[in-house]
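**Q** sequence and computational prediction follow.
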Amino acid sequence: MSTPAAAVAAGVLPGRVWLYSNYHCNLTCTYCLTESGPGVQRRELTAERMLETARQAAELGFTALGVTGGEPFLVPDMPKTLAGLGAILPTVGLTNGTLFTGRRLAAVEVLAGTDVALQISLDSAVPAVNDEARGPDNFAKVVAAIPALIERGITVRIATTGESDNPDDLARLCELHRGLGVPDSDHVVRPVISRGRAVTADLGVDATVDDLPAELTITADGAFWSPFGPTVINGRLDTDLLLTRTTDPLRVPAQTLLGLVEGRPAGGDTTLNIR
Ligand code: SF4
């Protein structure tokens, strides 16, 4: 078996390691993979664990980090933690973008000029369509936050979840994000995956392990095949994509993941546009 560094360099293993900072959220989106919401049980990676995992990821040859949840910015000191992660490896932080006012907007200025991008969810240029899945006033908060962050020197990407059959809808959304200062290269569109709350709501597409890039994902519960792995349904963690409960040293889940990737039959590439 090769090393993670060699596998990442050869493109056999994706370079990004994901960290689930937390599972709680201020929203309750209809397609949420993790059944996140205000009242869910708190399961968090501490800042120290995230930074130590990042250092080990860099030593192992991984090349990028991602932070997701839940809503990461509900965790105190998340801006400082992200800045620390960005000093180790280029980092993308996923956020619903609804919390960037007042003290939180001021605190996030620490990310200006760092190697950290914030990826904000925005699903439609039509406020009512966007808010149907993500909650009242979501659209208004997000379109206010994006230029406020960009003005402060923070890199913003936009993630659109769900695919419309109407190309005009996507064209309007792209016109909107360009107007907000986000170029096409920083806009990703991905399908709803039928896991978590999306199953309950009968939404999304089924994704098998072959559809999901093998991106090492670390949570308070263990290490998973993909950030689409540590999902929650009916309050219970899915373990079908659990690699190992051991996350420290990171070498253990990294080698486990690599062994599984190298053991896959040829042609088992991903078939869904998920990133
Ligand atoms: S999809 Fe994201 S923003 Fe929506 S409830 Fe889940 S964690 Fe929160």
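**A** That came through, no problem. Numbers count the residues shown, from 1 in each chain.
**Q** wait, what's in contact with the nearest residue in space to residue 196 that is not next to it in sequence?
**A** In this structure, residue 196 finds its nearest non-sequential neighbour in residue 33, 4.0 Å apart by Cβ to Cβ, 6 or more residues apart in numbering. Glycine gets a C-beta too; all of them are placed from N, C-alpha and C. By Cβ atoms under 8 Å, 6 or more residues apart in numbering, the contact set of residue 33 is 193, 195-198, 228, 231-232.
**Q** show me these that map onto strands.
**A** Using DSSP state E, the subset of the contacts of residue 33 located in strands is residue 232.
**Q** could I get the contacts of residue 33 as CSV with pLDDT?
**A** Formatted as CSV, those follow (pLDDT from 0 to 100):
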residue, pLDDT
193, 91
195, 92
196, 91
197, 92
198, 91
228, 95
231, 95
232, 95
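**Q** of the contacts of residue 33, just the buried ones, PyMOL syntax please.
**A** The buried residues among the contacts of residue 33 can be selected in PyMOL (16 or more other Cβ atoms under 10 Å) with this line:
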select buried, resi 193+195+196+197+198+228+231+232
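**Q** and the ligand, which of the contacts of residue 33 contact it?
**A** Among these, no residue sits close to the ligand (Cβ under 6 Å from any ligand atom).
**Q** so which of the contacts of residue 33 comes closest to residue 109?
**A** residue 228 (31.6 Å; Cβ to Cβ).
**Q** for the ligand, see how far away the closest residue to residue 238 other than its chain neighbours is.
**A** For residue 238, ignoring the flanking residues on the chain, the nearest one in space by Cβ to Cβ, 6+ apart is residue 231 at 4.7 Å. Distance from residue 231 to the ligand, counting by Cβ to the nearest ligand atom, to the nearest Å: 10 Å.
**Q** wait, what's in contact with residue 231?
**A** With Cβ under 8 Å, 6+ apart, residue 231 has these contacts: 33-34, 195-196, 237-238.
**Q** rerun that using 10 Å as the cut-off
**A** 32-35, 193-199, 224, 237-241 (Cβ atoms under 10 Å, 6 or more residues apart in numbering).
**Q** mind listing which of those are in helices?
**A** 197-199 (DSSP state H).
**Q** so residue 101 sits right up against residue 142, yeah?
**A** No: applying Cβ atoms under 10 Å as the test, residue 101 and residue 142 come out as separate, 11.9 Å apart.
**Q** so the two - more neighbours on which side?
**A** Per other Cβ atoms under 10 Å, whichever of residue 101 and residue 142 has more neighbours is residue 142, with 24 against 12.
**Q** enumerate the residues of the stretch 51-200 of the chain near the ligand.
**A** Applying Cβ under 6 Å from any ligand atom, we find that the stretch 51-200 of the chain lies next to the ligand at 69-71, 96.
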